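Trainee: Provided below for reference: sequence and predicted model.
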Amino acid sequence: MARTLKIRDLTLRDGQQSSFATRMNQAQIDRCLPFYKDANFYAMEVWGGAVPDSVMRYLNENPWTRLETIHKAVGDVSKLTALSRGRNLFGYAPYTDEIIDGFCRNAIGSGLGIMRIFDALNDVDNVKSTIKYVKQYGGIADCAVCYTVDPKYPQPSFFQKLLGKKAPQPVFTDAYFLDKAKQMAALGADMITIKDMSGLIPPRRVATLVKLFKQHISIPVDFHTHCTPGYGLASVLAAIVAGVDIVDTNCWYFAEGTGAPAIELVYVFCKKLGVDMGVDMEAVAKINAELREIRKELNRSVFNTEKPEPKPFNPLTDKLPAEVEALFDAAIKAAQNDDEEATIAACRKIEAYFGFPAPNELVQKAEIPGGMYSNMVAQLQQLKAEEILPRAMELIPTVRMDAGLPPLVTPTSQIVGAQAVNCALDEKAGRAMYTNKSSQFVGLVKGEYGHTPVKIDPEFRFKICGVREETPYDTSKNKRQPNPELPEAGGVKLAETEKEELLLELFPMVAKNYLTALKKKAYEAQKPAEQPKAEAPVVAPKPQAKITGNTVNAPLPGRVLEVLVKVGDEVKADQEVLILEAMKMENSITTDYAGKVKQVLVEAGETVQTDAVLIEIE
């Protein structure tokens, strides 16, 4: 009997998120679904990650409708799966058990079969609640161990060695990852995923971990990786040879590059190895015909360009040239012989033949996620400070070590990357490092995100947070988001159902805008046609008094989330007066001056530039 390998297709979630900024609309999804029903994937990742946020923010669509529509079309042929950040779910703060319970119950009730649960710190305590509720409501708990690497520390100098200074010992060892997997299995995980979100795991390392996991835990092992640094395809092949149970792939036109390996290439390997994937590749070819057109539509609408596409390939009908066929054979032989260099070389030649993107050497050498690097570039372009990128990259290991060596995965990759940028900006301005710090970085160091892999120096914690002891997030102080009535929509509540309330809790600003527009549109549609009203008089902008006092200015461009003071308030020096969202982080803005608030020159939701005057104090 042939060995079987299960396939989790990522195309409709991670695939489109990695390559096309999560912009597939429901109509584009719907075009693919009849063929997905025939494809017989073990699982389809369709939700979680950036999907719920993006479909509201950019497409004005309901995330719950997306999940329910896909389930209605595919039924139980493939298990629908979503990605969740454990106690953080999709946000940057821990949530109460009440919200986690409601989210899991509604997701599974809407058709979700598998919840992939991970924690950005690999803190097993943070996945307990989600495991409990997923299983309670009949779902499968897929617990992910986030793969990461130790930073490349500068080696101690000769004199430092004489003084007894040693290089830090590795933290992220095989034993570390196995211990996390065993803890999760003991909590009731139904499967374990080796989650290599950065594509940094080379073939030999994943083969070692797969064998270790299979030897020590009795539940299925899945392997998830990306191709950005150039290891993805080779590492998936090594994992298959090592006996992995499930691998994650994308369909051809959404595969490789920043995404996961292509199922078509994995199919060729499996056929040669005598491994049955159980997937109908004729249906996959039909999916690809739609995806090719959708790819063109997304390139034009999202990127305003035509990104080159790979050569068309259908493994059922296309005959490979002899030299390419030989590369597949060479890669298999190298993987079976544990020849890592030869496995990588053969797989990269295969990818090059089909026209997939070449490895990103900068990401490979820096050993950080590609998304983290691109975020830093975008942030610095916004700040018009691209010249500090090399220094910000140099500071990542320092910031990461100071913060307890968190794995670089959402949201910690964003928190560390944004803080490295802040520190580089501080240096450039002649300020001490950590003068500017996001609320999320403060929370990470304080202990609100959970236990970091390495203990944080109490004196550093005191410098950043004002406390020396690790202080967990107190969910009992969690305040539910405001849910006002909307006069402009006939007085209905902003969130009228539990599902809408959950969207408001998880994505406060985005859901507020989406739900408000939704309710107004529904109300307008019900109203009888009215006579045109006279145009409202133009309201002149409120005159701004001349600034004579001290000012609080924006240290970087961003969006005002909340103003914490009002005209007439007495404030003390170093008091928090405003929260500014910048680089996806919440930055606490304080005043250097004591006095009375004379003017508040901005309001929540307003976008400001660097050095914009926010508040005047006299």
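Mentor: Yes, it's here. In this text the structure is predicted, and so the values were computed from the model without any measurement. Residues are numbered from 1 along each chain as shown.

Trainee: Which of the helices or strands spans the residue nearest in space to the middle of the chain?
Mentor: The residue at the geometric middle of the chain, judged as the C-alpha nearest the mean C-alpha position with C-alpha atoms, centre = their mean, is residue 410 (4.4 Å). Counting by DSSP states H and E, residue 410 is held by no secondary-structure element, helix or strand.

Trainee: wait, what's in contact with residue 46?
Mentor: With contact set as C-beta atoms under 8 Å, 6 or more residues apart in numbering, residue 46 has these partners: 12-13, 66-67, 70, 80-82. Every residue, glycine included, has its C-beta placed from N, CA and C.

Trainee: how many neighbours does the closest residue to residue 191 other than its chain neighbours have?
Mentor: Take residue 191 and drop its neighbours on the chain: the residue closest to it by C-beta to C-beta, 6 or more residues apart in numbering is residue 220, 4.4 Å away. The burial count assigned to residue 220 is 19, neighbours taken as other C-beta atoms under 10 Å.

Trainee: Ok, residue 370 next?
Mentor: 23.

Trainee: pretty sure it is in contact with residue 257, am I right?
Mentor: No: counting by C-beta atoms under 8 Å, residue 370 does not reach residue 257; the two are 9.2 Å apart.

Trainee: intersection of neighbour lists for the two?
Mentor: For the pair residue 370 and residue 257, residues contacting each of them under the criterion C-beta under 8 Å, 6+ apart are residue 228.

Trainee: Any chance you could list what contacts the helix or strand harbouring residue 100?
Mentor: In this assignment (DSSP H and E), residue 100 forms part of helix 97-109. Around helix 97-109, the neighbours that count as contacts under C-beta under 8 Å, 6+ apart are 47, 64, 67, 82, 84, 87, 89, 115, 129-130, 133-134, 136-139, 475, 498-499, 501-502, 505-506.

Trainee: hmm, 7 Å instead?
Mentor: Contacts of helix 97-109 from elsewhere in the structure, counted by C-beta atoms under 7 Å, 6 or more residues apart in numbering, are 82, 87, 89, 115, 129-130, 133-134, 137-139, 498-499, 502, 505.

Trainee: which two of the residues you listed lie the greatest distance from each other?
Mentor: By the measure C-beta to C-beta, 138 and 505 form the most distant pair in these, at 22.9 Å.

Trainee: who has more neighbours, those two?
Mentor: More crowded of residue 138 and residue 505, by other C-beta under 10 Å: residue 505, with 22 against 11.

Trainee: Off-centre distance for the lowest-mean-pLDDT helix or strand in the chain?
Mentor: Taking mean pLDDT, DSSP states H and E as the measure, helix 158-162 is the helix or strand of the chain with the lowest mean score, a mean of 71. Distance of helix 158-162 from its chain centroid, counting by C-alpha atoms, centre = their mean, to the nearest Å, is 41 Å.

Trainee: List the first helix or strand encountered after that helix toward the C-terminus.
Mentor: From helix 158-162 onward toward the C-terminus, using DSSP H and E, the following helix or strand is helix 174-186.

Trainee: could I get that following helix in PDB with only the CA atoms?
Mentor: Coordinates of each C-alpha in helix 174-186 appear next as PDB, following Å, rounded to 0.1, in the frame of the first residue of the first chain:
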ATOM      1  CA  ASP A 174      16.200  20.900  18.500                       C
ATOM      2  CA  ALA A 175      15.400  20.100  22.200                       C
ATOM      3  CA  TYR A 176      13.700  23.500  22.600                       C
ATOM      4  CA  PHE A 177      11.300  22.900  19.700                       C
ATOM      5  CA  LEU A 178      10.600  19.300  20.700                       C
ATOM      6  CA  ASP A 179       9.800  20.400  24.300                       C
ATOM      7  CA  LYS A 180       7.300  22.900  22.900                       C
ATOM      8  CA  ALA A 181       5.700  20.300  20.700                       C
ATOM      9  CA  LYS A 182       5.400  17.800  23.600                       C
ATOM     10  CA  GLN A 183       3.800  20.500  25.900                       C
ATOM     11  CA  MET A 184       1.200  21.300  23.200                       C
ATOM     12  CA  ALA A 185       0.500  17.600  22.700                       C
ATOM     13  CA  ALA A 186       0.000  17.200  26.400                       C
END
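
Trainee: how about it: buried residues?
Mentor: Within helix 174-186, the residues that qualify as buried are 177-178, 180-185, counting by 16 or more other C-beta atoms under 10 Å.

Trainee: ditto for stretch 444-454
Mentor: Of the residues in stretch 444-454, those buried under the neighbour-count criterion (16+ other C-beta under 10 Å) are 444-453.

Trainee: Tell me which stretches of the stretch 101-250 of the chain form helices.
Mentor: 128-136, 158-162, 174-186, 203-216, 232-242 (DSSP state H, counting those that start in this stretch).

Trainee: Highest mean neighbour count across these, which stretch is it?
Mentor: Among the helices of the stretch 101-250 of the chain, helix 232-242 has the highest mean neighbour count (mean count of other C-beta atoms under 10 Å), at a mean of 28.

Trainee: and it with helix 203-216, angle?
Mentor: When axes from the mean of the first three to the mean of the last three C-alpha atoms, to 10 degrees is applied, the directions of helix 232-242 and helix 203-216 differ by 30 degrees.

Trainee: And helix 232-242, what does it pack against?
Mentor: Taking 3 or more C-beta pairs under 7 Å, 6 or more residues apart in numbering; DSSP states H and E as the contact definition, the neighbouring helices and strands of helix 232-242 are helix 203-216, strand 246-249, helix 263-273, helix 322-336, helix 340-353.

Trainee: Dump these to CSV, plus mean pLDDT and distance to residue 19.
Mentor: CSV is the format used below for these (pLDDT from 0 to 100; distance: least, C-beta to C-beta, whole Å):
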stretch, mean pLDDT, distance to residue 19
helix 203-216, 98, 22
strand 246-249, 98, 14
helix 263-273, 98, 15
helix 322-336, 98, 24
helix 340-353, 98, 15
